[in-house]
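Engineer: the sequence and its predicted three-dimensional model are supplied below.
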Amino acid sequence: MPKVIISEFMDEAAIAAELAGFDVVYDPGLVDRPNDLAAAVAEADALIVRNRTQVRGALLAAARDLKVVGRLGVGLDNIDGAACRDRGIAVYPATGANDVAVAEYVLATAMLLLRGAYGATARVAAGTWPRNALMGREISGKRLGLVGFGAIARETAQRAAALGMAVAAHDPFVAEGDPAWNPATGPVQRQALEALIAQSDVLSLHVPLTDRTRGLIDAAALARMPKGAILINAARGGVVDEAAVAESLRAGHLGGAALDVFDREPLDASAGAVFADVPNLILTPHIAGVTQESNVRVSAVTAAAVRRHLTER
């Protein structure tokens, strides 16, 4: 009977429906107990993870019989793809299953930061009535810049167009003649990165963390953004210089920022200190792609892929 180890949270109904008949160990706390995890994978045929379990080095060495890794999400920077290929270990991301969740996160945070009216509950209840101070901006008519134009960015572009935004994107891997630039909701302008940064009212990142993208949005890039612009990173930590974002917000150049991903996750007291008392900042714990609905979809897609791999070979 194939053995499946699940080291992070997923939808239990998907486990029951797709992995029935397998020897399943579902322990979402394993990710925080590396010795227990290494022992658990020693005889595992499959390992299902989110983004925190590091499938590389000692863990891969301990998983002597591993045949397949299911990734509850789309980013693969926590998985040593080359080592998996060398050993014939298949890796299945849940491509497309959380696109809507991330797209909605991007636009919801952009609207919240542009409008700026939603943090006044205590003052309104106390009778302060700060109407003039809370006169924010509309998203309609603003320019959305997408760094990367894959599936999630395209979902974001469609929803942004419906809200009246002009949309542009930079992606050297999407050819100029690709039909993705002309969706039914209206054309997306293909731009060079420098121009995109300089002209976007809202800049949203949709790139993996690679040697080329690490530190892509640094202090110099932030300085080129229009004054009052909004930055959203729901892609990968390390793409953005977090200290530079905090400084730009404090200086009043950036109008707002939402960071869902960080160079070090979870943030510890030292890494989080840079964000203390920074205005117009939203921090969330790598949750943009995780909703009740997307968790069901991601879990089902991943569990089904693992089942197929173990039963059809």
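Structural biologist: Arrived safely, thanks for sending.

Engineer: wouldn't residue 5 be in contact with residue 46 here?
Structural biologist: Yes: Residue 5 is in contact with residue 46 according to Cβ atoms under 8 Å; the separation is 7.1 Å. Glycine gets a C-beta too; all of them are placed from N, C-alpha and C.

Engineer: more neighbours, those two?
Structural biologist: Higher neighbour count among residue 5 and residue 46: residue 46, with 29 against 24, using other Cβ atoms under 10 Å.

Engineer: that one contacts residue 311, correct?
Structural biologist: No: between residue 46 and residue 311 there is no contact, the gap being 11.0 Å when judged by Cβ under 8 Å.

Engineer: list the residues that contact the spatially closest residue to residue 128 that is not a sequence neighbour.
Structural biologist: Once flanking residues are discounted, residue 128 sits nearest to residue 120: 7.9 Å by Cβ to Cβ, 6 or more residues apart in numbering. Counting by Cβ atoms under 8 Å, 6 or more residues apart in numbering, residue 120 touches 128, 130, 134.

Engineer: from the residues you listed, which is closest to residue 88?
Structural biologist: If you rank these by distance to residue 88 using Cβ to Cβ, residue 134 comes first, at 58.4 Å.

Engineer: pLDDT score for the closest one?
Structural biologist: In this model, residue 134 is scored at 96, pLDDT.

Engineer: please apply the same query to the one 10 residues further on.
Structural biologist: Reading off the per-residue confidence, residue 144 sits at a pLDDT of 98.

Engineer: mind telling me what element it is part of?
Structural biologist: Per DSSP states H and E: residue 144 is located in strand 143-147.

Engineer: give me the residues contacting that strand.
Structural biologist: With contact meaning Cβ under 8 Å, 6+ apart, strand 143-147 is reached by 110, 153, 156-157, 160, 165-171, 188, 191, 193, 196-197, 199-207, 216-217.

Engineer: just the helices in the stretch 1-150 of the chain please.
Structural biologist: 12-18, 34-40, 57-62, 81-87, 99-115, 121-125 (DSSP state H, counting those that start in this stretch).

Engineer: nearest to residue 239, out of these?
Structural biologist: Each of the helices of the stretch 1-150 of the chain has some distance to residue 239 by Cβ to Cβ; the shortest is helix 99-115, at 14.5 Å.

Engineer: return the set of buried residues in the closest one.
Structural biologist: 99-107, 109-114 (16 or more other Cβ atoms under 10 Å).

Engineer: now the contacts of strand 143-147: which count as buried?
Structural biologist: For these, buried by 16+ other Cβ under 10 Å: 110, 153, 156-157, 160, 165-171, 188, 191, 196-197, 199-207, 216-217.

Engineer: so of these, which ones are in strands?
Structural biologist: Within the buried ones among the contacts of strand 143-147, residues falling in strands by DSSP state E are 166-170, 202-205.

Engineer: turn these into JSON lines, including pLDDT and distance to residue 179.
Structural biologist: Shown next, in JSON lines, are those (pLDDT from 0 to 100; distance: Cβ to Cβ, whole Å):
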{"residue": "166", "pLDDT": "98", "distance to residue 179": "19"}
{"residue": "167", "pLDDT": "98", "distance to residue 179": "15"}
{"residue": "168", "pLDDT": "98", "distance to residue 179": "17"}
{"residue": "169", "pLDDT": "98", "distance to residue 179": "14"}
{"residue": "170", "pLDDT": "98", "distance to residue 179": "18"}
{"residue": "202", "pLDDT": "99", "distance to residue 179": "24"}
{"residue": "203", "pLDDT": "99", "distance to residue 179": "24"}
{"residue": "204", "pLDDT": "99", "distance to residue 179": "22"}
{"residue": "205", "pLDDT": "98", "distance to residue 179": "23"}
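
Engineer: residue 70: which of those residues is nearest?
Structural biologist: residue 205 (25.6 Å).
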